[in-house]
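> have a look; sequence and predicted model below, questions after that.
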Amino acid sequence: MSVVQAPILPPESLTPQLAADIQRIFEAQRSVALRLRSSTVSERIAKLKRLRAVLLSYREAIVEAAARDFKRPPVEVDFTELMPVIMEISDCCRRLGKWLRPKRVSPSLMMLGTRAWVRYEPRGRCLIIAPWNYPVTLTLGPLVPAIACGNTVMIKTSEIAPHLSAVLVKIVREVFDETEVAIFEGDATVAEALLELPFDHCFFTGAPAIGKLVMGAAAKNLTSVTLELGGKSPVVVDRSADVALAAKTIAWGKFINSGQTCIAPDHIYVHESVRERFVECVCAHLDAWYGEGLAAKDAPLSRVINVRHTQRVAGLIDDAKRRGARVLYGGEVDVDAHFVSPTLLGDLPDDARIMQEEIFGPLLPILPFAQLEDVIERINAAPKPLALYVWTRDQASADALIERTSAGGTCVNHVAAHFLHHNLPFGGVNNSGIGSYHGEWGIRAFSHERAVLQTQVLLARMFFPPYKPHVRKVLGWILKHL
């Protein structure tokens, strides 16, 4: 075991100069936010296209930075960091005019004689606090709708992925003036200073425990929040599933980025009749892709982000083994190299730490079940997950799991794919998040839906004082027919 890696940024990185810069830029963004309220759709699209062009020009720099932070394979970087943002920008450029167009609404019975519509307005000055696991996607992804809606933004990147953070700083500063979009590096003290400011909206991606702190800080200024959190996303593989396809897809979704994905499969409930075959299939794919144990160190496999997280993941393995769990595959750790091999675990007791904590690493608990009812009960006994994955050929089983549980999103016979479907909202529920984004839902997250009512004929005057006897008769008729 090595000593903990020294941080690239010093602790307490909120220097007096940085604190002054934060305050200065926040004040400067006030007038810019007011001006941007009247910016046109075409002006906003032009900014998004500029962002796309600059982002693509940094493609190789992003790949290099991801290799330094994670040893992440270039294909994974293109697929998970660049593609989602480019898709978001392209979709937004095509459909922004439609999404922002005021929406007429029909008058209710009591509102005859009026016309009304919903107007989408920018929230104003927004804060985005980004995580370290997918720094490009989870920083620029929410920035796209924020800009599309006409907001100003201040961004706090994660110091835990310093090389990708440095590239993001270059991209943002090349595209935007700081009075429209400003970006800051640093440790938690910088985030705390930003959260003290009275932003109009805060968008945070990270762990539920930190999300509670963010929400508490935002409440002091009555700042609205979107919280994209995480949790333990379960997978259910029933006896009717295509076991070979399920094993291959789940292995891909779990071990990409070394399991450091908020919507990664966290643990798997496998019907006891297909458990052995499922484990064999997963092991075969892991052998073919990476190799078992320390052999995977030379494979195109992302590493755990740093020493501290490697030690945390190793601790989950050790705790599980002490409590009687079996390592079915892998289980090797090299803390100095930030390496944990893809690992399957079985015979896990409920009190093992890995069954209580979000794993966020390349460990996959496999839990056999006999009755679907037992799985539903266990899912409902835990905090609501960000995702639920169901593998089955029986539509009734899929329907039962969807109808009788709660999750931020669900895939049937797939994993993580709903994140890339921008005609769907992406977000959690309760412990796994508040609010959603992507596509039109991103516009809603960063807009205020303003109700506008215009009177053409003032029918309400019949209810003005002095109250005449026939008014109650009219109200009685209305009450019967509402």
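Yep, that arrived.
> okay, CA-based contacts and neighbour counts for the rest of this
OK.
> state the mean pLDDT of stretch 238-245.
Averaging pLDDT along stretch 238-245 gives 97.
> buried ones in that stretch?
Along stretch 238-245, these residues count as buried under the neighbour rule (16 or more other CA atoms under 10 Å): Asp238, Arg239, Ala241, Val243, Leu245.
> out of those, the closest to Arg59 would be?
Lowest distance from Arg59 to the buried residues of stretch 238-245 (CA to CA) belongs to Leu245, with 31.8 Å.
> can you tell me the element that closest one falls in?
For Leu245, the host element (DSSP states H and E) is helix 243-255.
> so what does that helix touch, helix or strand wise?
Counting contacts by 3 or more CA pairs under 8 Å, 6 or more residues apart in numbering; DSSP states H and E, helix 243-255 packs against helix 275-289.
> circling back to that earlier point, could I get the buried residue list for the helix holding Leu245?
Using 16+ other CA under 10 Å as the test for burial, helix 243-255 gives Val243, Leu245, Ala246, Ala247, Lys248, Thr249, Ile250, Ala251, Trp252, Gly253, Lys254, Phe255.
> using PDB, write down the CA coordinates of that helix.
Extracted in PDB, the C-alpha atoms of helix 243-255 (Å, rounded to 0.1, in the frame of the first residue of the first chain):
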ATOM      1  CA  VAL A 243     -28.600 -15.100 -20.700                       C
ATOM      2  CA  ALA A 244     -25.700 -14.800 -23.100                       C
ATOM      3  CA  LEU A 245     -26.800 -11.300 -24.300                       C
ATOM      4  CA  ALA A 246     -27.600 -10.200 -20.800                       C
ATOM      5  CA  ALA A 247     -24.100 -11.300 -19.500                       C
ATOM      6  CA  LYS A 248     -22.300  -9.500 -22.400                       C
ATOM      7  CA  THR A 249     -24.200  -6.300 -22.100                       C
ATOM      8  CA  ILE A 250     -24.200  -6.100 -18.300                       C
ATOM      9  CA  ALA A 251     -20.400  -6.800 -18.300                       C
ATOM     10  CA  TRP A 252     -19.900  -3.900 -20.700                       C
ATOM     11  CA  GLY A 253     -22.100  -1.500 -18.800                       C
ATOM     12  CA  LYS A 254     -20.600  -2.400 -15.500                       C
ATOM     13  CA  PHE A 255     -16.900  -2.400 -16.300                       C
END
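> who touches it?
Contact with helix 243-255 is made by 237, 259, 261, 264-266, 274, 277-279, 281-282, 285-286, 342, 361-362, 364, 391, 413-416, as judged by CA atoms under 8 Å, 6 or more residues apart in numbering.
> which of the residues you listed count as buried?
Among the contacts of helix 243-255, those buried by neighbour count (16+ other CA under 10 Å) are 237, 259, 261, 264-266, 274, 278-279, 281-282, 285-286, 342, 361-362, 364, 391, 413-416.
> hang on, the earlier thing: need the max-distance pair from the buried residues of helix 243-255.
Maximum pairwise distance in those, criterion CA to CA, is 17.8 Å, between Val243 and Phe255.
> could you verify that His448 is part of a strand?
Yes - the assignment for His448 by DSSP: H, G, I helix; E, B strand; the rest coil puts it in a strand.
> helices and strands around the one helix or strand Ala217 maps to, which ones?
Ala217 belongs to helix 208-220 when assigned by DSSP H and E. Packing contacts for helix 208-220, counted by 3+ CA pairs under 8 Å, 6+ apart, involve helix 188-195, strand 201-205, strand 224-228.
> picking up where we left off before, just send the buried residues of helix 243-255 back as TSV, with distance to Ser39 too.
Shown next, in TSV, are the buried residues of helix 243-255 (distance: CA to CA, whole Å):
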residue	distance to Ser39
Val243	53
Leu245	49
Ala246	48
Ala247	49
Lys248	48
Thr249	44
Ile250	45
Ala251	46
Trp252	43
Gly253	40
Lys254	42
Phe255	43
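> now, which of those sits nearest Lys468?
Using CA to CA, Gly253 is the member of those that lies nearest Lys468, at 70.0 Å.
> turn the helices and strands packed on helix 208-220 into JSON lines, columns for distance to Asp78.
Converted to JSON lines, the helices and strands packed on helix 208-220 look like this (distance: least, CA to CA, whole Å):
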{"stretch": "helix 188-195", "distance to Asp78": "28"}
{"stretch": "strand 201-205", "distance to Asp78": "21"}
{"stretch": "strand 224-228", "distance to Asp78": "22"}
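> those: which one's closest to Pro145?
strand 201-205 (11.3 Å).
> now the closest one and helix 188-195, what's the angle there?
With axes from the mean of the first three to the mean of the last three CA atoms, to 10 degrees as the basis, strand 201-205 and helix 188-195 are set at 150 degrees to each other.
> ok, strand 201-205: who's next to it in the sheet?
Strand pairing for strand 201-205, determined by DSSP bridges: strand 125-129 (parallel), strand 224-228 (parallel).
> just name the most buried of those strands.
strand 125-129 (a mean of 26; mean count of other CA atoms under 10 Å).
> that one versus helix 208-220: what angle between them?
Using the same axes, to 10 degrees: strand 125-129 against helix 208-220 is 160 degrees.
> show residues contacting strand 125-129.
29-30, 33, 139, 142-143, 146, 151-158, 191, 194, 199-205.
> one more: stretch 352-366?
Contacting residues not belonging to stretch 352-366 are listed as 230-232, 254-255, 258-262, 265-270, 304, 313, 316-317, 319-320, 323, 340-350 [CA under 8 Å, 6+ apart].
> can you give me how far that stretch is from the chain middle?
The chain centre lies 19 Å from the centre of stretch 352-366; the measure is CA atoms, centre = their mean, to the nearest Å.
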